[in-house]
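Enquirer: Quick one: sequence plus predicted model below, questions after.
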Amino acid sequence: MSPAATAAQDQETAWHPENTETVVTSPSTQWCEVTEVRGDDWAQSALRRLSDLGSLPDDWDGFGSPRISRDVFEVAFKLMRVLIEYENLLPSPAVVPTSGGGLQFEWINQAREFEIEVRPDGSLAALSLDEDGEADEEPVITQDDLLSRLIWVMAA
Amino acid sequence: MAASSPKDPPGARAPTQVGRSLPEFRYPPVFETVLGVEFEPLKTWQIPHFGLLWDRLKEDFPESETKPPLGQSGPGPKTKVGEIVVELEVTNMPSVRCWYLEESGTRLLQVQKDRFIHNWRKVSGDEVYPRYEDAIRPAFEKEWPRFTEFLNDHGMGYPQVRRCEVTYVNHFEKGKEWESLHDLPDVLGVFSHLQAESELPSPQNVGFSANYPLPNEGGSLNVSLKQVLRHSDAKELLQFTLTAKGPPESSKTEDLLSWFDLGREWVVTSFADLTTPRMHSIWERTS
C-alpha cells in the first residue's frame, strides 16, 4: 500500500493505540495501566516475553542500543490488547527487541512475513514480505490493516 | 498504607473509627491511591465546561486528556432492596471524562458530569509514598473546593454526593515479594492452605475478588488480586487492590473527608489482615 493510500485510509479508520481502551477494557478510576496475565495461550507467552524484554539493560546488543523505553512498552501493551481480542483467531507472534531501543512483533508463515515495529519514539510501522520477496512498507498501520495483514499471512 | 512520619512517636495518632490503631509500614507497596466522589449528574454541565475548568487548573495541571466516561458504580444510597428504581437519561450530548495531569506525572484529577476523582501514583517506582495524612487527603481537601467553586460560579450549584471511594492499588513485584506463584502462601494468608502437603502443582495464573459489607450499611470493601504486567516497565506483578465505597453523611466537604478517613482505615486494616507477616517484614511494619 502506498503511503498516500495509507494516509487516506488513516482519515477514517486510523488506529491510535491510546484509543484502544474504549474497545478492550472497561474504564476504571485506576490510572496506572496494566494488562492481566491469564490463560495458557500464546498471548500469555507473548506478554511474558515482553516482560523479559523489560529486563534488558542498556547496550544489550553490544552496539550501544538503549534499554526499551517506557514509551515503547506503553504502545506495545496497547497493541497486545488489540491482538488479545483476536487471540483465538491469530497465530502467535515472535516478539524481539530492535536496535535503537524499539521492539518488533513478527508473524511468519511459510514464505510470508508480517512485522510491526514499535519504534523507540513509540510510533508504529509495518512491513509485509510476500513469497517473491516483495516488501510492502507501511508508515502508518490501522487496526483494519493489522487484521487483514495477519489473515494474509495465515492464508499462505 | 499508613505509616508514621519520623516525627510521630508510636501510638501518637487519635483512635480510629474502626476501633484499632492503624498498621503502619515504612516501605508500603502502594503504587496508586484514588479518592473519588460520585454525585448526581450535573444537568447543565456541557463539553465547554471541561475547558473552562482546565483554565482554572492549568497552572497545577498543565496536561489534559479525554477519556471514555466511568459508569455508575452501583445503586444510589437511597435505593433499597426490593424497591424498583428506573432511571432513564435521554440526551444527545456525548459523555466524556477529562483527565487533568500534573507535570510530574504523579497527580491526576478526573472529572465528568457526575465524578470528581483525585489520583496519586508512582511513576519511576522509586518514589516514596507521600502518606495519606500528609499529602493525599490535603490534596483532595484543596482540589474539591476549587471544583465546587467552579460549579457555583457557573450556576450549577453544589453537587449532591451519592458515594465516596477510597482505592489503594498495591504492586507486589516478581523478584521482590515473590518469585513464582508457588510463593503465594507467603504473600497472602488466603492462600495459606496451599502450604499444607497438597498434591496441587503451582497455579499457572491467579486472581480472586471478594466483597465485604461495611458496618451500619456504610458501604462495601472490595478486595481483588490480579496477575498483571505493568505497562510502564513490563514488570510482572501481583496487583492487590482494595476499594472502599459508601455514602457520606452529607455532601459537605468535612463529611466527605470523614468518609475517606473511615474508608481508608478499612482499606489499611484489611490490607494488613490479608497479607502475611513475612510481607510485613519486607515492607518494614512499624506498628
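Expert: Perfect, I can see it now. Here the structure is a predicted model, which is why all the values come from computation and not from measurement.
Enquirer: going forward, measure contacts between C-alpha atoms and count neighbours the same way
Expert: Noted.
Enquirer: what about B:Gly71, neighbour count?
Expert: 11 (other C-alpha atoms under 10 Å in any protein chain shown).
Enquirer: the helices in the chain, which residues?
Expert: I'll assume chain A. Residue ranges of the helices in chain A, as given by DSSP state H, are A:3-13, A:21-24, A:42-53, A:70-85, A:143-154.
Enquirer: try chain B instead
Expert: Taking DSSP H as the test, the helices found in chain B are B:47-57, B:137-153, B:184-187, B:253-274, B:277-282.
Enquirer: re the thing from before, please tabulate the helices of chain A in JSON lines, including the columns distance to B:Gln204, mean pLDDT and mean neighbour count.
Expert: Listed next are those as JSON lines, based on distance: least, C-alpha to C-alpha, whole Å; pLDDT from 0 to 100; neighbours: other C-alpha atoms under 10 Å in any protein chain shown:
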{"stretch": "helix A:3-13", "distance to B:Gln204": "37", "mean pLDDT": "38", "mean neighbour count": "13"}
{"stretch": "helix A:21-24", "distance to B:Gln204": "23", "mean pLDDT": "34", "mean neighbour count": "13"}
{"stretch": "helix A:42-53", "distance to B:Gln204": "10", "mean pLDDT": "89", "mean neighbour count": "19"}
{"stretch": "helix A:70-85", "distance to B:Gln204": "18", "mean pLDDT": "88", "mean neighbour count": "20"}
{"stretch": "helix A:143-154", "distance to B:Gln204": "28", "mean pLDDT": "83", "mean neighbour count": "17"}
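Enquirer: So which of the ones you listed is nearest B:Gly246?
Expert: Across those, the minimum distance to B:Gly246, taken as C-alpha to C-alpha, is reached by helix A:21-24, at 26.9 Å.
Enquirer: interface residues of the stretch 101-250 of chain B facing chain A?
Expert: By C-alpha under 8 Å from any C-alpha of the partner chain, the residues of the stretch 101-250 of chain B that approach chain A are B:117, B:119, B:121, B:204-206, B:226-236.
Enquirer: how does it look with 6 Å?
Expert: B:Asn205, B:Gln227, B:Val228, B:Leu229, B:Arg230, B:His231, B:Ser232, B:Asp233, B:Ala234, B:Lys235 (C-alpha under 6 Å from any C-alpha of the partner chain).
Enquirer: out of the residues you listed, which is most surrounded?
Expert: Highest neighbour count within those: B:Ala234, with 27 neighbours (other C-alpha under 10 Å).
Enquirer: Roughly how far does that residue sit from B:Val128?
Expert: Applying C-alpha to C-alpha, to the nearest Å, the value for B:Ala234 to B:Val128 is 21 Å.
Enquirer: how far does the longest strand seen in chain B sit from the chain's center?
Expert: If you go by DSSP state E, chain B has its longest strand at strand B:161-173. How far strand B:161-173 lies from its chain's middle: 2 Å, per C-alpha atoms, centre = their mean, to the nearest Å.
Enquirer: and the residue with the largest distance to the centre of chain A, what pLDDT?
Expert: In chain A, A:Thr29 marks the outermost C-alpha relative to the chain mean, sitting 26.6 Å out by C-alpha atoms, centre = their mean. Listed pLDDT for A:Thr29 reads 92.
Enquirer: Likewise for the one 4 residues further on?
Expert: pLDDT for A:Glu33: 89.
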